[in-house]
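Undergrad: Predicted model, plus sequence, below.
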Amino acid sequence: MARNLSDVLHYFGPELAEAEAQVRPAEDAPRAEAPACRIIGVPIGSRDVVRAAFAWNIAVEVVRLGGRATILCPDETSPSPLWPQASTGPLGVALRPSLAQNLDELLASAQDWAANTAHKSESDLLLVRIPPEWISAAVAPSPLLDWVLLFTSSEEANLQEALALTRNVVDRHPGARVGITIHGAQSREEAETAFGNLARASREKTGRDVRSYGLLVDDLDVYRAIVAQRPIGLAHPQSPAARALRDVAELLLGDIEEDARG
Amino acid sequence: MVEFARIPPGSAKAIRAEAREQLGQLGQGLRVIAEDVMGLTSSIDLLAVDPDGGLVAILIASEPDQEPALLGRGIAHRAWADQRAKDWCTLAPELAIAWDRPARCILLAPDFGEETRLAARTLGSDTVLLVRYLALRAGKETGLLLEPLAHLPEPGRAAPSEPTIKPLPRSPTQEMDPLPEFRSKLADRDLRTQRAPTPLPAG
């Protein structure tokens, strides 16, 4: 059964399939080996270009910091409005489309990717876009929810939405690590207060603690980067937005290293 | 400082609803698939599936005098569920029931007598798990504290008259622990930006 767009790419264009084959090991490669990479699920709605841009730019920053990152994106339409054209993009950050229709199929796509990736290591990062409604529909714990990263602004409505999503995740996957990145704050204090409020509410309502993954800046560079489909870290490396993205990427890589050390 | 107080557990229906809400305290990843299901001759309070697909019959004694009969009912319901697991698997494959795994039961009661403890220990935790519950008020919040018997002293040893009070997962009691810290190396001077003129639609 085809799980990835790349599985059926040859129907649409032999030249695309050839290009795909260059970055993908042979289909006959053994898949039984356990994935060594870290998977982070990122709930992003089908029209949520801002959060998609954050995820993509964080992946680029992970690579700039010496890691490797791939984004797995189940999208209903092609080309997706969320991402730049699917390919191996800037600095080797790859966007992998998937035909998955639910969380189980998305997990299978992620496992396929992990099994087919050469030279994998524990610092390899696979960011998986998860449509939020798939989390609500899940009936069993999923490894895709082991580690989830939520982007929320400091506005009350957004924090409530993040809290509801946190509850959805931990109800279905009690061992989940839920990370929170605050975006759009005008000051560090505003972001810190927003995170504190969400952390307190999560503990009270779900019995679980969330983990901070910094703050992001909603400045013009973010929106320019979305329109231009260019990573902020490359187009405006000294901008506040790029510094903030790098800080979040460092926090993620730091935790991956800490997890690896046990 | 949040004050703890033991409170009456409420009606059988209220205990069942609260127990369902608090099953996560057991850390077994149980997914409730049915409530108040008619078994052989009596009702199963909650029917759940564990992460491996195993069926779990959860029975609750809402009064202390119901406890002595609970183990017998639990074993009977376990056998009853085993006989039907394959049919449920066929009728509702989305429930992901592993029909070939033996069902087990979890018994909830305010406390358990020595005979029930010894019998349950003999049967093993793969068959039956005893869980004490205690209704508590912590500040303005109320909740049901669930304590698996495996965590309590062995029968015959000196046991506390009350279960050890742990923080309720859904109460403000955990305020006693510091909240997770906000992590960022950025200061306000790092955030001076040109603001976006209009936000893009999200969601």
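TA: Yep, it's here.
Undergrad: going forward, measure contacts and count neighbours with C-alpha atoms only.
TA: Noted.
Undergrad: all strands for the stretch 101-250 of chain A, in order.
TA: Assigned strands in the stretch 101-250 of chain A, in chain order: A:124-130, A:147-153, A:177-183, A:211-216 (criterion: DSSP state E, counting those that start in this stretch).
Undergrad: ranking these by mean pLDDT, which is last?
TA: For those, the weakest mean pLDDT is recorded on strand A:124-130, namely a mean of 92.
Undergrad: could I have it exported to CSV, CA atoms only?
TA: Extracted as CSV, the C-alpha positions of strand A:124-130 are listed here (Å, rounded to 0.1, in the frame of the first residue of the first chain):
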residue,chain,number,x,y,z
ASP,A,124,18.5,13.3,13.3
LEU,A,125,15.2,15.2,13.7
LEU,A,126,11.9,14.3,12.0
LEU,A,127,9.3,17.0,12.4
VAL,A,128,5.9,15.6,11.6
ARG,A,129,3.0,17.9,10.8
ILE,A,130,0.0,16.4,12.5
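Undergrad: How far does that strand sit from its chain's centre?
TA: 4 Å (Cα atoms, centre = their mean, to the nearest Å).
Undergrad: and it, what does it pack onto?
TA: Applying 3 or more Cα pairs under 8 Å, 6 or more residues apart in numbering or on different chains; DSSP states H and E, one finds that strand A:124-130 makes contact with strand A:38-43, strand A:68-74, helix A:103-116.
Undergrad: can you state the direction angle for that strand and strand A:147-153?
TA: Orientation check (axes from the mean of the first three to the mean of the last three Cα atoms, to 10 degrees): strand A:124-130 against strand A:147-153 gives 60 degrees.
Undergrad: picking that back up, and of the helices and strands packed on strand A:124-130, who's closest to chain B?
TA: Chain B lies closest to strand A:38-43 among these, at 10.2 Å (Cα to the nearest Cα).
Undergrad: does the closest one come close to chain B?
TA: No. Figure legend: strand A:38-43 not in contact with chain B (Cα under 8 Å from any Cα of the partner chain); closest approach 10.2 Å.
Undergrad: Mean neighbour count and mean pLDDT for the helices and strands packed on strand A:124-130 - can I get that in a markdown table?
TA: Below are the helices and strands packed on strand A:124-130 laid out as a markdown table (neighbours: other Cα atoms under 10 Å in any protein chain shown; pLDDT from 0 to 100):
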| stretch | mean neighbour count | mean pLDDT |
| --- | --- | --- |
| strand A:38-43 | 24 | 95 |
| strand A:68-74 | 25 | 89 |
| helix A:103-116 | 20 | 86 |
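Undergrad: possible to save those as TSV with distance to A:Val169?
TA: Listed next are the helices and strands packed on strand A:124-130 as TSV, based on distance: least, Cα to Cα, whole Å:
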stretch	distance to A:Val169
strand A:38-43	10
strand A:68-74	19
helix A:103-116	12
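Undergrad: Check which residues of the longest helix along chain B are buried.
TA: Secondary structure of chain B per DSSP state H: the longest helix is helix B:67-91. Residues B:67-68, B:70-71, B:73-79, B:81-82, B:85-86, B:88 are the ones in helix B:67-91 that count as buried (16 or more other Cα atoms under 10 Å in any protein chain shown).
Undergrad: now swap in stretch B:114-126 and tell me
TA: For stretch B:114-126, by 16+ other Cα under 10 Å, it's B:116-117, B:120-121.
Undergrad: who does the residue nearest to A:Thr152 when sequence neighbours are not counted bridge with?
TA: Closest residue to A:Thr152 apart from its sequence neighbours, by Cα to Cα, 6 or more residues apart in numbering or on different chains: A:Ile182 at 5.1 Å. On the basis of DSSP bridges, A:Ile182 is bridged to A:Thr152, A:Leu215.
Undergrad: ok, A:Ile182 touching A:Leu215?
TA: Yes. Contact criterion Cα atoms under 8 Å: A:Ile182 and A:Leu215 qualify, at 4.6 Å.
Undergrad: and for these two, which residues touch both?
TA: Here A:Ile182 and A:Leu215 have A:Ala191 as joint contacts, going by Cα atoms under 8 Å, 6 or more residues apart in numbering or on different chains.
Undergrad: More neighbours: which of these two?
TA: A:Leu215 (31 against 25; other Cα atoms under 10 Å in any protein chain shown).
Undergrad: how about that one, what does it touch?
TA: Neighbouring residues of A:Leu215 by Cα under 8 Å, 6+ apart: A:181-183, A:185, A:188, A:191, A:244, A:248, B:184.
Undergrad: now those in JSON lines, with distance to A:Ala138?
TA: Shown next, in JSON lines, are the contacts of A:Leu215 (distance: Cα to Cα, whole Å):
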{"residue": "A:Thr181", "distance to A:Ala138": "24"}
{"residue": "A:Ile182", "distance to A:Ala138": "26"}
{"residue": "A:His183", "distance to A:Ala138": "27"}
{"residue": "A:Ala185", "distance to A:Ala138": "32"}
{"residue": "A:Arg188", "distance to A:Ala138": "35"}
{"residue": "A:Ala191", "distance to A:Ala138": "31"}
{"residue": "A:Ala244", "distance to A:Ala138": "33"}
{"residue": "A:Val248", "distance to A:Ala138": "28"}
{"residue": "B:Ser184", "distance to A:Ala138": "32"}
